[in-house]
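Chemist: sequence and predicted structure are below.
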Amino acid sequence: MELLDTLNKEQRDAVTHIDGPLLILAGAGSGKTRVITYRIAYMVQEKNISPKEILAITFTNKAAGEMRERLEGLVGYRSKYMACGTFHSIFARILRKHLDPNFAIIDSDDQEKLVKQAMKDVNAPTDKIKPSMAKSMISNAKNHMVEPNQFCMSFGRDFISQHVEKIYARYNEILKANNAMDFDDILVNTVKLFEQRHDVLEFYQEQYKYIMVDEYQDTNMPQYRAVMLLASRYRNICVVGDDDQSIYAFRGANVQLILDFEKDFPDCCVVKLEENYRSTGNILKAANSIIANNSHRTSKALRTSGGDGDKIILMNADSGIGEARYVVDTINMLVKKGKCKYSDIAILYRVNAMSRNIDKALHNSGIPFRVYGGMRFFDRKEIKDVLAYLRLINDDGDNLAFERIINVPRRGIGDTTLEKIRLIGTQEGMSLFEVARNCDMYPDLSRSASKLAEFTELILRMREMLLSDTMNFAEFVDYVENESGIIEECIEERTKKGEIVDRVENLKELLSEAADFEKAHRTEAPEETSSEEGGDAAADLFDIGSADTTDGILKLYLDNAALYTEGDNFDDNDDFVRLMTVHSAKGLEFKAVFLIGVEEGIFPGYRSIASEADLEEERRLMYVAVTRAKRYLFIVVAQQRMLYGQTQCNKPSRFVSEIDKDLLYAMGLSRAQPAASQIDASRMSANTAISETLADKYKKSSVFRANAAKKENKVGLRADQIKKGMKVVHDRFGEGVVLSVEPTGGDALVSVDFDGMRKNLLANSAGLKPLGL
DNA sequence: GTGAACACTATTTTT
DNA sequence: TAGTGTTCAC
């Protein structure tokens, strides 16, 4: 096979190892994507494996799309038969097929709203617990597959947990009442489905005899369990990842899972891809020396056969303004000398707020640029409002949609009326829309009856228009935008406030999205639906189907809208400089990278310096940042900068001092000693008071105390120290015997018998102590 | 029910 | 700084 000739030995090993478990540790820039796609091509072409038996799982839609595209180039039409998609999209389709075809998927924004609602319902102390905090605790519980009634048992019985337990239970009730799932539910419910329905699990085990998971270091518990279940029959599982690039622990990703893969499959084959084809020697050495400071990782080191290249430039700017000026000047120089195009250049930062100065400076200089990240397209208010209209038109039982738009645009229906409608709805077992539709029947609603009637008639009129099938999908969305008054409101807002973000533009963009979607999924001739029994399962899981009516297109669109978060196109070829956070730069590469704000308190962030684990994640983030650069790397620190409306004065990041001095060329202020704190003492002490305010605040916060308390509690046994049959003591439950230990990546679910009472506990947080101590 | 004035707070965010 | 949430007078 000639494909193999272009690969190095390790890559070839990975590509040709098809049967049995395989772990590919793919360092940054080691040709990972090529290995994955070639491997699939090898399976299909050389091993005659049917593409229908291959399941490839990624984390983003973009990655899935790219994989499919590259595969099409390699194996042609056969790539179409392969199931390739994100965890969420694949699992959602499985759930729709076997559990409920109609559940709604809510995004994290709606999730927070429902948590807020739940907090109200259970009278949670809103001054002590913030909705966002409750939300992340609930999400964390789901990520550990802990049910509401096990919450305190698993995470402790402190004040906050006791309330969150109730909030969690109520939140799940609300979801159920709305037939909705959040992102975590999609994963958890899939695991449950596999565990409870053996026939279903068996079906998919047989269907997908070959499984691949990309970015395995980013998997969380439910994802891991689902994959293990699927792979347990044929054991042809290949996971690809890099523990050094795990930067999503804060979202539930568990590095331990990739570190433990060899324990899960003792007979697995491990291939390390350490040859880097991306960066110069100096950049790689810097990356290696930074990441070497992490203790919790598999040992590997990137190497290159290329030359050292230029030194890394460390610029010490006087201020945030100076930093921006330096970046602008250097970009101009690079482009003028013909070393780079604008599109070769990226400016990376730890926090979005850091883009401000640079944004301004680039704007004034006339350098073309684009800022990525921040508010995503489908998260924008006006877009979500239009989608809510579409949802309500499609299904008037969608209470969440109703609540969102009942007063958008303003039509004089406020909280009081809505509360009354809710009450009647619960009493009569009717949807909010139905109550509004029949508002004449309820004296409580008499005051706003005319307004409610107007609204429900608007929705019904729109539905009639939809069903008449006289408009194509984009036309219909346009009609809804206009008829609802959303466009009008946005135009008014724009003229009134001169808004920076152009909402009207976004609404237009939605129309072109709609048109694209329709083009891809409209069939002219009426056809039988693809979800018929015995349909092609492989195709089912990635092909969202098609329809021949506008109504049908709308349904497909809504089914997928929550999981489809494209809108920002990273891969357009226009010539501009890219600005983004280090997180969003993962997986990308640039000829020249400016890494700005590499200062203590920012990178690593002030909230990360308290714990070793958080600090290691920051360091991995730094590693990711450095390895984005192919040829030129500029690290910029400022002695003083304005952030969050306050002037702060930070020391250069410890990560800078972890780079061998020989690799750096320091310039700007205090060029002699780059990483050390060269700032004169008086100025330092005068300014630290200011710069430490956020950090101080954080140290006083309940979150910090909770974290600290948790660390204190670690006096108990760790997951790996607990064994079946062991006698243990629990603070509340007393003495018990360990019945079983189920490892769950870094932690373990331990079942303990406390004198006849059986409890499931999370090992690391339960604080179990060996008996006799 | 609305909107203006005020208070608060601020990593990262694949789905 | 800036964006969002809350409060209160109309």
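Modeler: Received it, and whenever you're ready, just let me know what you need. Numbering: from 1, shown residues only, chains lettered A, B, ... in the order given.
Chemist: how near is the residue of the stretch 251-400 of chain A found nearest DNA strand C to residue A:630?
Modeler: In the stretch 251-400 of chain A, the residue that lies nearest DNA strand C is residue A:356 (6.7 Å; C-beta to the nearest atom of the strand). In this view, the C-beta of every residue, glycine as well, is placed from N, C-alpha and C. According to C-beta to C-beta, to the nearest Å, residue A:356 and residue A:630 sit 27 Å apart.
Chemist: residue A:736 too?
Modeler: For residue A:736, the distance to residue A:630 - C-beta to C-beta - is 56 Å.
Chemist: show me which of the two is the more surrounded one.
Modeler: Shown here are residue A:736 and residue A:630; by other C-beta atoms under 10 Å, residue A:736 has more neighbours (24 against 19).
Chemist: tell me the bridge partners for the more buried one.
Modeler: Here residue A:736 sits in beta bridges with residue A:728, going by DSSP bridges.
Chemist: wait, isn't it in contact with residue A:754?
Modeler: Yes - if you go by C-beta atoms under 8 Å, residue A:736 and residue A:754 touch, sitting 3.9 Å apart.
Chemist: list residues touching both of these two?
Modeler: Both residue A:736 and residue A:754 are contacted by residue A:730, under the criterion C-beta atoms under 8 Å, 6 or more residues apart in numbering.
Chemist: so residue A:408 makes contact with residue A:486?
Modeler: Yes - taking C-beta under 8 Å as the definition, residue A:408 is a contact partner of residue A:486 at 7.1 Å.
Chemist: what sits in contact with each of those two?
Modeler: Taking C-beta under 8 Å, 6+ apart as the contact rule, residue A:408 and residue A:486 both touch residue A:385.
Chemist: the two: who's more crowded?
Modeler: residue A:486 (23 against 19).
Chemist: tell me the spacing between the more buried one and DNA strand C.
Modeler: When distance is defined by C-beta to the nearest atom of the strand, to the nearest Å, residue A:486 is 17 Å away from DNA strand C.
Chemist: contacts only, for that residue.
Modeler: Shown in contact with residue A:486 (C-beta under 8 Å, 6+ apart): A:382, A:385, A:386, A:389, A:408, A:409, A:507.
Chemist: the residue of the stretch 251-400 of chain A closest to DNA strand C: what secondary structure?
Modeler: The three-state label given to residue A:356 by DSSP: H, G, I helix; E, B strand; the rest coil is helix.
Chemist: residue A:39 contacts residue A:11, doesn't it?
Modeler: No - between residue A:39 and residue A:11 there is no contact under C-beta under 8 Å: 9.3 Å.
Chemist: what segments of the stretch 651-773 of chain A are strands?
Modeler: Applying DSSP state E, counting those that start in this stretch to the stretch 651-773 of chain A gives strands spanning A:664-668, A:727-730, A:734-744, A:747-754, A:757-762, A:769-770.
Chemist: what pLDDT does the residue of the stretch 251-400 of chain A closest to DNA strand C get?
Modeler: Looking at residue A:356, its pLDDT is 92.
Chemist: now swap in residue A:296 and tell me
Modeler: In this prediction, residue A:296 has a pLDDT value of 86.
Chemist: got a list of what it touches?
Modeler: Counted by C-beta under 8 Å, 6+ apart, residue A:296 has contacts A:255, A:259, A:613, A:616.
Chemist: again, but for residue A:183
Modeler: Counting by C-beta under 8 Å, 6+ apart, residue A:183 makes contact with A:88, A:105, A:107, A:108, A:111.
Chemist: quick one: the second one and residue A:96, what's the gap?
Modeler: Taken as C-beta to C-beta, the spacing of residue A:105 relative to residue A:96 amounts to 10 Å.
Chemist: quick one: which of the two has more around it?
Modeler: The neighbour comparison of residue A:105 against residue A:96 (other C-beta under 10 Å) goes to residue A:105, with 20 against 15.
Chemist: does the more buried one touch residue A:565 like I think?
Modeler: No - in terms of C-beta under 8 Å, residue A:105 does not count as a neighbour of residue A:565; the distance is 11.6 Å.
Chemist: need the contact partners of stretch A:2-17.
Modeler: Stretch A:2-17 has contacts (C-beta under 8 Å, 6+ apart) with A:22, A:24, A:31, A:34-35, A:38-39, A:41-42, A:74, A:238, A:269, A:271-275.
Chemist: and residue A:162, what helix or strand is that in?
Modeler: Applying DSSP states H and E as the criterion places residue A:162 in helix A:159-177.
Chemist: what's the closest non-adjacent residue to residue A:89?
Modeler: residue A:563 (5.2 Å; C-beta to C-beta, 6 or more residues apart in numbering).
Chemist: show me how to select, in PyMOL, the buried members of the contacts of residue A:486.
Modeler: Of the contacts of residue A:486, the buried ones can be selected in PyMOL as follows, counting by 16 or more other C-beta atoms under 10 Å:
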select buried, chain A and resi 382+385+386+389+408+507
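Chemist: for DNA strand B, state which of the contacts of residue A:486 is nearest.
Modeler: DNA strand B lies nearest to residue A:409 out of these, by C-beta to the nearest atom of the strand, at 8.8 Å.
Chemist: now do the same contact list for that closest one.
Modeler: Each residue near residue A:409 by C-beta under 8 Å, 6+ apart is listed here: A:484, A:485, A:486, A:488, A:489.
Chemist: can you redo those as JSON lines with secondary structure?
Modeler: Formatted as JSON lines, the contacts of residue A:409 follow (three-state DSSP):
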{"residue": "A:484", "secondary structure": "coil"}
{"residue": "A:485", "secondary structure": "coil"}
{"residue": "A:486", "secondary structure": "helix"}
{"residue": "A:488", "secondary structure": "helix"}
{"residue": "A:489", "secondary structure": "helix"}
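Chemist: looking at those, which one is closest to residue A:343?
Modeler: Residue A:343 has its nearest neighbour among these in residue A:486, at 35.0 Å by C-beta to C-beta.
Chemist: my guess is residue A:149 meets residue A:166, correct?
Modeler: No - applying C-beta under 8 Å, one finds residue A:149 not in contact with residue A:166, separated by 10.6 Å.
Chemist: the more surrounded of the two?
Modeler: Legend: neighbour count by other C-beta under 10 Å for residue A:149 and residue A:166, higher for residue A:166 (18 against 10).
Chemist: return the distance of that one relative to residue A:185.
Modeler: Counting by C-beta to C-beta - residue A:166 and residue A:185 are separated by 19 Å.
Chemist: hang on, the earlier thing: next step: the contacts of residue A:486 restricted to helices.
Modeler: A:382, A:385, A:386, A:389, A:507 (DSSP state H).
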